[in-house]
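>>> Okay, predicted coordinates and the sequence, questions at the end:
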Amino acid sequence: MSFQPDKKDWSVPASPKALWKHQHTLPRLPVPDLGQTLVRYLQSVRPLVTDEQFARTVKAVSDFAVSGQGEELQRRLKKRAEEKQHTSWLVEWWNQIAYLTDRGPGNTALPPRCDAQH
């Protein structure tokens, strides 16, 4: 004899469309300001590196900031944000890198039984 739960107990919605039903009403994710991003990057990397490494990192960030590369990439991000009218400019990259890219022995954000590692 097998256990068969009542369908009313299932937590899976009848249609996946219900999940995205109000997506169009959400505020759009802004493209962060380049200068603020560079400052935040330096703040986040500081505790992880030596003084010498940090000095090199500050130089690399400064060179990047004045090279024109940052402005070009910022322009491309803004263009992507304009083109992605019905979703976030970041969602595809986020899903690919944060969830689908193998970065190590297992995904600790998921319970072990959900880990797709072989």
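Arrived safely, thanks for sending. Residues are numbered from 1 along each chain as shown.

>>> Next up, phi/psi of the residue nearest to V49 when sequence neighbours are not counted, please.
In this structure, V49 finds its nearest non-sequential neighbour in T57, 6.5 Å apart by CB to CB, 6 or more residues apart in numbering. All C-beta spots, glycine's among them, are computed from the backbone N, C-alpha and C. When read as degrees, to the nearest 10, the backbone of T57 gives phi -70, psi -40.

>>> Tell me which residues touch T57, please.
L42, V45, V49 (CB atoms under 8 Å, 6 or more residues apart in numbering).

>>> Tell me how many other residues surround the last one.
Put plainly, it is V49. 12 (other CB atoms under 10 Å).

>>> about what we covered before: closest to R76 among the contacts of T57?
Closest to R76 out of the contacts of T57 is L42 (22.2 Å), distances taken as CB to CB.

>>> Tell me how far the most centrally placed residue in the chain lies from L19.
Nearest residue to the geometric centre of the chain (CA atoms, centre = their mean): W94, 3.4 Å. Remark: distance between W94 and L19 (CB to CB, to the nearest Å) = 16 Å.

>>> lowest-confidence helix or strand of the protein?
helix 17-20 (a mean of 72; mean pLDDT, DSSP states H and E).

>>> Check which residues of the helix or strand following that helix are buried.
Along the chain past helix 17-20, the next helix or strand (assigned with DSSP states H and E) turns out to be helix 34-45. Residues of helix 34-45 classed as buried: L34, L38 (neighbour count, 16 or more other CB atoms under 10 Å).

>>> and helix 34-45, what's its mean pLDDT?
Mean per-residue pLDDT for helix 34-45: 97.

>>> Run a quick neighbour tally on the nearest residue to L34 once chain neighbours are set aside.
Distance criterion CB to CB, 6+ apart; nearest residue to L34, sequence neighbours excluded, is Q74 at 4.6 Å. As a burial measure, Q74 scores 16 neighbours (other CB under 10 Å).

>>> In three-state terms, how would Q74 be classified?
Secondary structure of Q74, reduced to three states by DSSP: H, G, I helix; E, B strand; the rest coil: helix.

>>> Okay, now the unreliable bits of this structure?
Within the chain, the stretches with pLDDT under 70 are 1-17, 102-118.
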